[in-house]
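**Student:** I'll drop the sequence and a predicted model, then ask my questions.
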Amino acid sequence: MERRSFLKKAGMGAIAGSAVIGAPAIAQENPEIKWRMVSSFPRSLPALYGTGEKFVKYVKEMTGGKFQIDSFPPGEIVPALQVMDAVSNNTVQAGHSCGYYYFGKNPAFCFDTAVPFGLTARQMSAWMIEGNGMKLLRELFDGVNIVNFMLGNTAAQMGGWYRKELKTKDDFKGLKMRTSGMNGALLARLGVVPQQLAGGDIYPSLEKGTLDAVEFVGPYDDEKLGFAKVAKYYYYPGFWEAGPQVSLFTNKDAFNALPENYKTVIETASRAATMDMTAVYDAQNPGALRRLIASGAELREFPRDIMEAAYEAALEMYKEYCDKDPMFKKIYDDYMGFRDDVAPWFNVVEGSYTRFLSAMISKHRKS
């Protein structure tokens with residue numbers, strides 16, 4: 001069954017569930033509502049911006065056109081990194097953004113997206129849905145008048161593009177690098193000079209030499225943004241973003257004013273669009289990586305001493321945040337406890353399978 005058909009039927013089913021009480025009552029319960037949603041992502045990135053467009057499309061179809069959300073790219077209403085404020089103060093009713101963009105407001109917002117050495121995409125979904133993730137983040141976002149939802153996950157990201165090769169952890173010292181939030185705070189402990197820039201501003205800064213390195217997402221988006229033209233070393237893994245979630249922020253007052261079935265529609269549509277985003281990246285990243293390598297990009301794995309130094313620095317950083325903020329500690333303890341419980345399982349089953357399968361594919365290609 002096609003997703004669009006399923007979503008439409010599911011949404012209309014929820015609306016029609018009370019049809020026995022008569023048409024006038026249905027009309028009352030399902031008013032025409034129009035929202036505006038601002039995005040932190042430019043139209044030039046179809047997986048990121050496009051996921052927001054899919055979400056609003058699903059909402060419209062599931063309500064028979066009665067609940068319409070208009071989506072706007074950065075700059076048309078608010079800048080890319082002011083989405084949270086716009087939703088919080090009800091300038092707009094919704095926003096498509098990442099919690100870690102607002103690290104400066106509260107480091108705990110990073111748990112909404114990704115933190116260094118954190119959860120993978122599937123693990124993040126499990127924590128949000130089956131663990132305490134949604135409950136804890138709702139408690140956090142309540143303080144800024146927002147009700148949050150999952151609205152995408154890029155899955156594991158790359159470690160970024162560098163003008164020079166990294167041989168030891170000392171090569172990070174003095175490196176001017178575009179990165180976000182807590183990622184930047186961690187890398188700063190290794191000597192990096194972090195710079196937070198919106199997606200559309202990164203390439204010009206790298207080209208002019210204002211930046212020495214950039215981490216953004218992965219091959220599919222990085223190819224479109226042209227980073228390989230100005231920085232040839234492409235590192236992995238992005239240990240600070242193992243499974244970064246993208247989120248829907250809704251103004252608490254606007255959300256609470258919705259009919260109950262419209263609230264269910266938002267939940268259902270946001271989860272469906274979340275699956276869509278991960279599917280796009282999983283399908284498109286392999287081909288994009290091959291093209292980047294063919295065009296001259298040099299793929300490199302981070303040296304072990306960099307990874308270990310970063311892990312130790314992350315533990316020190318987390319302790320400092322936990323000591324300062326009880327809410328950060330509350331989320332951190334639950335998040336990392338969940339990670340520690342599930343990581344061994346993924347390593348035993350999926351890790352071993354993937355390593356074996358990759359080795360056999362490589363062997364037969366050579367033969």
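**Tutor:** Thanks, I have the structure now.
**Student:** What about residue 277, how many residues nearby?
**Tutor:** Look at residue 277: counted by other Cβ atoms under 10 Å, it has 25 neighbours. Just so you know, the C-beta spots here come from the backbone N, C-alpha and C atoms, and that holds for glycine as well.
**Student:** and what of residue 122?
**Tutor:** Quick note: residue 122 (other Cβ under 10 Å) scores 15 neighbours.
**Student:** what's in contact with the helix or strand hosting residue 329?
**Tutor:** Using DSSP states H and E, residue 329 falls within helix 326-346. Here helix 326-346 makes contact (Cβ atoms under 8 Å, 6 or more residues apart in numbering) with 106-108, 111, 115, 118-120, 122-123, 126-127, 131-133, 136-137, 139-140, 318, 321-323.
**Student:** Next, the buried residues of stretch 64-77.
**Tutor:** 66-67, 69, 71-74, 77 (16 or more other Cβ atoms under 10 Å).
**Student:** whoops, I mixed them up, stretch 124-133
**Tutor:** Counting neighbours by 16+ other Cβ under 10 Å, the buried set in stretch 124-133 is 124-125, 127-128, 131-133.
**Student:** Now the terminal residues of it, how far apart.
**Tutor:** Using Cα to Cα, to the nearest Å, the end-to-end distance of stretch 124-133 comes out at 8 Å.
**Student:** And the helix holding residue 329, what's buried?
**Tutor:** 328-332, 334-336, 338-339, 342.
**Student:** Please tell me how far residue 32 sits from residue 65.
**Tutor:** Per Cβ to Cβ, to the nearest Å, residue 32 is found 8 Å from residue 65.
**Student:** so where is this structure shaky, pLDDT-wise?
**Tutor:** Under the criterion pLDDT under 70, the flagged ranges of the chain are 1-29, 198-199.
**Student:** ranges for the helices of it?
**Tutor:** For the chain, applying DSSP state H gives helices covering 3-16, 23-29, 46-62, 83-88, 121-129, 133-142, 181-188, 202-208, 219-225, 252-256, 260-294, 304-324, 326-346, 352-366.
**Student:** can I get those helices in CSV with distance to residue 156?
**Tutor:** Formatted as CSV, the helices of the chain follow (distance: least, Cβ to Cβ, whole Å):
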stretch, distance to residue 156
helix 3-16, 24
helix 23-29, 43
helix 46-62, 14
helix 83-88, 24
helix 121-129, 7
helix 133-142, 18
helix 181-188, 14
helix 202-208, 20
helix 219-225, 11
helix 252-256, 31
helix 260-294, 9
helix 304-324, 14
helix 326-346, 12
helix 352-366, 12
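**Student:** so which of those gets nearest residue 37?
**Tutor:** helix 46-62 (6.5 Å; Cβ to Cβ).
**Student:** Hmm, residue 230 and residue 297 touching each other?
**Tutor:** No: counting by Cβ atoms under 8 Å, residue 297 does not reach residue 230; the two are 11.3 Å apart.
**Student:** Looking at these two, which is more packed in?
**Tutor:** residue 297 (21 against 17).
**Student:** Phi, psi for the more buried one please.
**Tutor:** Listed backbone geometry of residue 297 is phi -60, psi 140, with angles given as degrees, to the nearest 10.
**Student:** ok, now how distant is it from residue 161?
**Tutor:** Relative to residue 161, and taking Cβ to Cβ, residue 297 is found at 8 Å.
**Student:** Identify the contacts common to these two.
**Tutor:** Common neighbours of residue 297 and residue 161 (Cβ under 8 Å, 6+ apart) are 228, 232-234.
**Student:** and the two most separated of the residues you listed?
**Tutor:** Across the shared contacts of residue 297 and residue 161 (Cβ to Cβ), the longest gap, 9.8 Å, separates 228 and 233.
**Student:** can you list residues touching both of those two?
**Tutor:** Residues touching both residue 228 and residue 233 (Cβ under 8 Å, 6+ apart): 161, 297.
**Student:** Touching, residue 42 and residue 202? I think so.
**Tutor:** No: using Cβ under 8 Å, residue 42 makes no contact with residue 202, being 10.7 Å away.
**Student:** what are the ranges of the strands in the stretch 101-250 of the chain?
**Tutor:** 146-153, 160-162, 176-178, 193-195, 213-214, 233-236, 245-251 (DSSP state E, counting those that start in this stretch).
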